[in-house]
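Enquirer: With the sequence up front, the predicted model follows.
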Amino acid sequence: MEKTQQFISQHKDKFVAELFSLLRIPSVSADPAFQQEVAACATHLAAHFNDIGLDGVEVIPTAGHPIVYAEKIIDSSLPTVLVYGHYDVQPADPLELWHTPAFEPVIKQTAIHPDGAIFARGACDDKGQFFMHVKAVEAMLQAQELPCNLKLMIEGEEEVGSPNLAVFVRENKSKLKADIILVSDTGMLANDTPSITTGLRGLSYVEVEVTGPNRDLHSGLYGGCVANPINVLTQMIASLHDENMRITIPGFYDKVVELSNEDRAEMAKAPFSELAYCEALDIQSTHGEKGYSTMERGSIRPTLDVNGIWGGYTGEGAKTVIASKAFAKISMRLVPDQDPIEITNLFQKHFESIAPLSVRVKVTPHHGGEPVVTPTDSSAYAAASRAYETTFGKKPIPVRSGGSIPIIAMFEQELGLKTILMGFGLDSDAIHSPNEHFGLFNYFKGIETIPYFYKHFSEINS
């Protein structure tokens, strides 16, 4: 990979400029107002794939946003790597909390990124990370060192639950035939501590609606006489955890796989500073389920969190009303062997059962996903480990992530393929938050490391 690495070293400024062009496109999949921008991003990617010499480039329509596909088949007898990523991004709101405009990328130094970090929505999740693969492939093609076959599948709906991806995968199994799926949509422990994600939590996401009177009421005339949906909703939500922060939904923990003491001891070897964690978040103390460490609470334990809550009057000044309705969005992160459909049903049954007669409750399920554990004894893991060791000078640590990528389980079910998760972001990169960023060190380290995965995976499997 010497010529590949030389090409990377000589074209770093170009690689940053090209990522900037991608980041300037506000491809927000959740908001219909950005539909044209999402389509423009897909077209932009397809043109770029053609420019760097990929074959079979397509912008494939779905019932929602399009999927961009490309490939480079050099020898059918060689292994094939299928790269997945997503070009859609989270909404930038609240805009006023961004230090610079969300879709005008800039490079700024930070304490964690002294060499500079790219600040923009999508910089880390996932434009910057999947674009590492594009640049790594470009470098291997220019150096004529691509050692195996490649397929790229970049979707535009991951941030809204990938509602159309399973249909596409199911209908294109031949097109997507491969030996391994490679994804960079996770992170690593630190810039001096590489890691490979070996587990992802599942997800159950619901919206709840609590309705009281048939209209907003004067809080002086009706207060104390009629149930206030906002008060009732907050009381119901508060009851979903006990004093030890265990979730109170009956049956919620029935299928949770408890890790052995040995496995928990191995997890504890990963470097972690409780003090630094709290300082980075400007909090006095961590908070969570009794009997588990902060790292365990964020990876191997299930959770229930309110992601949004609203109702009544929130404008300027005062309006003394009892709102007719109150709403909340709630997500539950799941661990093996919890089933998202079963958990959603358990939540709905319980939430309806604890509602007082003075209100009506409606639970609307949204997207979900299965928890995933990936093997550490596979040829793909060995190839990834050797790749990190080559560029970082040390073996990566296997870790479980608290996040969810629901399509990973779907890939295994539909394509029969395992996934290797080579993330290069950091927990501090503020994904889904204002001032999202991605270190230049991380961006370039990803581009440098990925070609070695191809090299070692090809050698092991040829």
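Expert: Yep, that arrived.

Enquirer: Could the C-alpha coordinates of the biggest helix by length in the chain be exported in CSV?
Expert: Counting by DSSP state H, the longest helix found in the chain is helix 440-461. The C-alpha coordinates for helix 440-461 follow below in CSV (Å, rounded to 0.1, in the frame of the first residue of the first chain):
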residue,chain,number,x,y,z
LEU,A,440,-8.7,16.2,10.7
PHE,A,441,-6.6,13.6,12.4
ASN,A,442,-9.5,11.2,12.5
TYR,A,443,-10.5,11.9,8.9
PHE,A,444,-7.0,11.3,7.5
LYS,A,445,-6.4,8.3,9.9
GLY,A,446,-9.5,6.7,8.5
ILE,A,447,-8.4,7.2,4.9
GLU,A,448,-5.0,5.8,5.7
THR,A,449,-6.3,2.8,7.7
ILE,A,450,-9.1,1.6,5.4
PRO,A,451,-6.8,0.4,2.6
TYR,A,452,-5.0,-1.9,5.0
PHE,A,453,-8.3,-3.6,5.8
TYR,A,454,-8.7,-4.4,2.1
LYS,A,455,-5.2,-5.7,2.0
HIS,A,456,-5.4,-8.0,5.0
PHE,A,457,-9.0,-9.1,4.3
SER,A,458,-7.9,-10.1,0.8
GLU,A,459,-4.8,-11.9,2.0
ILE,A,460,-6.7,-13.9,4.6
ASN,A,461,-9.6,-14.8,2.3
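
Enquirer: so what secondary structure elements neighbour that helix?
Expert: Applying 3 or more C-beta pairs under 8 Å, 6 or more residues apart in numbering; DSSP states H and E, one finds that helix 440-461 contacts helix 2-10, helix 12-23, strand 80-86, strand 117-119, helix 127-143, strand 180-183, helix 379-392. Every C-beta, even on glycine, is put in place using the N, C-alpha and C of the backbone.

Enquirer: what's the distance between stretch 307-323 and the middle of its chain?
Expert: 31 Å (C-alpha atoms, centre = their mean, to the nearest Å).

Enquirer: do the same with stretch 208-218
Expert: 35 Å.

Enquirer: Now do the same for the closest residue in space to N191 that isn't next to it in sequence: its pLDDT.
Expert: Nearest non-adjacent residue to N191, counting by C-beta to C-beta, 6 or more residues apart in numbering: F441, 5.8 Å away. pLDDT for F441: 98.

Enquirer: how near is F441 to F272?
Expert: Counting by C-beta to C-beta, to the nearest Å, the separation of F441 from F272 is 21 Å.

Enquirer: So for those two, which residue has more residues nearby?
Expert: Taking neighbours as other C-beta atoms under 10 Å, F441 and F272 compare with F441 leading, 17 against 14.

Enquirer: Can you name the residues that contact the more buried one?
Expert: When contacts are counted by C-beta atoms under 8 Å, 6 or more residues apart in numbering, F441 touches 113, 115, 191.

Enquirer: same thing but at 10 Å, please
Expert: F441 sits next to 112-117, 191, 424, 426 when contact means C-beta atoms under 10 Å, 6 or more residues apart in numbering.

Enquirer: before we move on, back to that, for the helices and strands packed on helix 440-461, which one ends up most surrounded?
Expert: strand 117-119 (a mean of 27; mean count of other C-beta atoms under 10 Å).

Enquirer: Which strands and helices lie in contact with it?
Expert: Packing contacts for strand 117-119, counted by 3 or more C-beta pairs under 10 Å, 6 or more residues apart in numbering; DSSP states H and E, involve helix 12-23, strand 106-108, helix 127-143, strand 437-439, helix 440-461.

Enquirer: Adjacent strands (with direction) for the second one?
Expert: Translated: strand 106-108. strand 117-119 (antiparallel) (DSSP bridges).

Enquirer: Can you get me the centre-to-centre distance for the partner strand and its chain?
Expert: 18 Å.

Enquirer: how about the strands in the stretch 51-200 of the chain?
Expert: In the stretch 51-200 of the chain, the strands defined using DSSP state E, counting those that start in this stretch lie at 55-60, 67-72, 80-86, 106-108, 117-119, 149-155, 180-183, 195-200.

Enquirer: Serialize these to TSV and add fields for distance to H367 and mean pLDDT.
Expert: Converted to TSV, the strands of the stretch 51-200 of the chain look like this (distance: least, C-beta to C-beta, whole Å; pLDDT from 0 to 100):
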stretch	distance to H367	mean pLDDT
strand 55-60	21	98
strand 67-72	17	98
strand 80-86	14	98
strand 106-108	32	98
strand 117-119	28	98
strand 149-155	14	98
strand 180-183	18	98
strand 195-200	15	94
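
Enquirer: Kindly reformat the ones you listed as CSV containing distance to S299.
Expert: Formatted as CSV, the strands of the stretch 51-200 of the chain follow (distance: least, C-beta to C-beta, whole Å):
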stretch, distance to S299
strand 55-60, 35
strand 67-72, 30
strand 80-86, 22
strand 106-108, 30
strand 117-119, 25
strand 149-155, 25
strand 180-183, 18
strand 195-200, 7
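
Enquirer: re the thing from before, what about burial for the contacts of F441, which qualify?
Expert: 113, 116-117, 191, 424, 426 (16 or more other C-beta atoms under 10 Å).

Enquirer: which one among these gets closest to K255?
Expert: L426 (32.0 Å; C-beta to C-beta).

Enquirer: Test my guess that that closest one contacts A190.
Expert: Yes - when contacts are counted by C-beta atoms under 10 Å, L426 is listed as touching A190 (7.0 Å).

Enquirer: can you list residues touching both of the two?
Expert: Residues within reach of L426 and of A190 at once, by C-beta under 10 Å, 6+ apart, are I112.

Enquirer: All good on my end, thank you.
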